[in-house]
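S.K.: Here is my input; please provide its structure:
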Amino acid sequence: MDKKEGSNFKKVFHKIKPILSLIIIISIFTFFGFRLYSSWHQIKTYEFNYFYAILSIIGTLISTLYLGIIYYAVLNSLKQKVPMIKVVKAHNLSDFASYVPGKVWNLMVRIKILHKYIDKSTIITSSILEMFLMLLLSAIVLFLGLMSNLTLLKSYIWFLLPCIAGLLIIIHPKIMNLLLKIISSIIRKEIPKIKLGFKDLLKLSFITSLYWLINGISLFFSLKTIYPLTPWSLIPKTIAANAGAWSLGFLSTLTPSGIGIREGITSYILSSSVPNYIAIASTIIFRVFSMLTLFIVVMIIALNAYRKHRFKNLKRILIGNQ
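M.R.: This is a model prediction of the structure:
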């Protein structure tokens with residue numbers, strides 16, 4: 001395939017991508033709908049547990065805000081002094097924009113809000129570092145979660161331990177920059193060099209790993225919301241399933257914010273421990289809770305911005321009247 005044919009293919013793909021995304025989302029949720037409908041007589045025997053639902057919502061709210069704190073820690077490690085509230089605001093709004101087709105909106109929102117404090121190249125560098133750590137730590141959490149299954153551990157310890165060791169080695173700045181350089185040559189886009197020490201990257205990795213812990217436990221509470229028989233020993237698996245599904249949903253780029261893909265992967269992993277229809281229903285509930293908490297945070301940001309705008313206009317009018 002020559003450059004011209006490759007360019008034409010990319011143009012065609014970008015045109016049909018929204019249609020393809022819609023087909024994938026509709027297909028996955030149609031399958032979910034049929035599966036839940038056929039099992040409704042079993043689902044309705046369980047009572048919706050509001051206590052665990054509230055715990056799940058609180059967990060998703062904390063994890064939504066915590067993502068902004070992770071990005072703040074990344075900027076801080078790069079010696080960028082930006083008010084935490086501004087960083088959290090920018091991150092939440094960019095996450096909300098990720099539901100719009102096209103990965104570019106996420107970055108554009110950050111640039112729009114943070115350009116007064118840091119330059120565009122630093123925003124791009126910090127965003128790349130954040131996403132790289134999120135993906136790397138999600139893989140580590142996934143493998144650690146799989147190791148919590150003793151049967152699986154005995155059978156695949158020869159595979160799991162080298163994978164975890166390899167992923168930890170990647171955190172080293174020299175290895176990380178080498179990998180980013182390879183990725184840069186593949187995608188044919190320049191990726192800035194990460195100028196951080198190993199100690200800084202380990203610190204950021206620890207901060208990032210806490211997100212997967214909080215969000216994975218929130219998913220567990222979503223399970224308990226409709227299936228009280230869910231054993232507490234399943235927490236490591238929900239943490240691992242959530243982390244693995246997030247990374248694959250992010251890498252797929254086919255659907256906005258991994259809608260449908262994450263739910264499909266999560267329910268597939270959990271269905272080995274709980275009934276399939278429970279796994280499907282809980283992942284849908286978890287997505288609804290996640291979107292709800294993000295929407296609430298964005299609405300608070302929007303209302304606060306509107307209040308400040310009105311106050312400025314009122315102040316201008318009062319000064320003008322004097």
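
S.K.: so where's the stretch 101-250 of the chain shaky on pLDDT?
M.R.: The model of the stretch 101-250 of the chain has pLDDT under 70 over residues 101-103, 149-156, 158, 187.

S.K.: List the buried residues in the one helix or strand residue 199 maps to.
M.R.: Here residue 199 sits within helix 198-226, counting by DSSP states H and E. Residues of helix 198-226 classed as buried: 200-201, 204-205, 207-209, 211-212, 215-226 (neighbour count, 16 or more other C-beta atoms under 10 Å). Bear in mind the C-beta positions are built from the backbone N, C-alpha and C, glycine included.

S.K.: tell me which element residue 186 is part of?
M.R.: helix 173-187.

S.K.: Could you name the helices and strands sitting against the helix or strand following the helix holding residue 199?
M.R.: Note on helix 198-226: by DSSP H and E, the next helix or strand toward the C-terminus is helix 235-252. If contacts are counted by 3 or more C-beta pairs under 8 Å, 6 or more residues apart in numbering; DSSP states H and E, helix 235-252 sits against helix 120-147, helix 198-226, helix 261-270.

S.K.: hmm, who's touching helix 235-252?
M.R.: Helix 235-252 is contacted from outside by 131, 134-135, 137-139, 141-146, 148-149, 212-213, 215-217, 219-220, 223, 255, 257-259, 261-263, 265-266, 269-270, 273, using C-beta atoms under 8 Å, 6 or more residues apart in numbering.

S.K.: Among those residues, name the buried ones.
M.R.: In the contacts of helix 235-252, the ones that pass as buried (16+ other C-beta under 10 Å) are 134-135, 137-139, 141-146, 149, 212, 215-217, 219-220, 223, 255, 257-259, 261-263, 265-266, 269-270, 273.

S.K.: Give me the three-state assignment for residue 117.
M.R.: Secondary structure state of residue 117, per DSSP: H, G, I helix; E, B strand; the rest coil, is coil.

S.K.: Pull up the gap between the nearest residue to it once chain neighbours are set aside and residue 37, please.
M.R.: Beyond its immediate neighbours in the sequence, the residue positioned closest to residue 117 (C-beta to C-beta, 6 or more residues apart in numbering) is residue 82, lying 4.4 Å away. To residue 37, residue 82 is 49 Å away according to C-beta to C-beta, to the nearest Å.

S.K.: and these two? which has more neighbours close in?
M.R.: Just comparing residue 82 and residue 37: by other C-beta atoms under 10 Å the higher neighbour count belongs to residue 82, 20 against 11.

S.K.: can you tell me which residues contact that one?
M.R.: For residue 82, the contact set (C-beta under 8 Å, 6+ apart) comprises 72, 75, 114, 117-118.

S.K.: Closest one to residue 292 out of those residues, please.
M.R.: The closest of the contacts of residue 82 to residue 292 turns out to be residue 72 (C-beta to C-beta; 23.7 Å).

S.K.: Could you report the neighbour count for residue 118?
M.R.: Neighbours of residue 118 under the rule other C-beta under 10 Å: 19.

S.K.: was I right about residue 141 contacting residue 212?
M.R.: Yes: contact criterion C-beta atoms under 8 Å: residue 141 and residue 212 qualify, at 4.5 Å.

S.K.: So which bits of the helix or strand containing residue 73 are buried?
M.R.: Element membership of residue 73 [criterion: DSSP H and E] is helix 50-77. By 16+ other C-beta under 10 Å, the buried positions in helix 50-77 come out as 52-53, 55-57, 59-64, 66-77.

S.K.: So what's the gap between it and the chain middle?
M.R.: Distance of helix 50-77 from the chain centroid (C-alpha atoms, centre = their mean, to the nearest Å) equals 11 Å.

S.K.: Not counting the next helix-or-strand element following it itself, show me its contacts.
M.R.: Remark: after helix 50-77, the chain's next helix or strand is helix 84-97, criterion DSSP H and E. With C-beta under 8 Å, 6+ apart as the test, helix 84-97 has contacts from 64-65, 67-69, 71-72, 75, 105-110, 113-114, 117, 257, 294-295, 297-298, 301.

S.K.: Tell me how far helix 84-97 lies from the chain's centre.
M.R.: Computed by C-alpha atoms, centre = their mean, the chain-centroid distance of helix 84-97 equals 13 Å.
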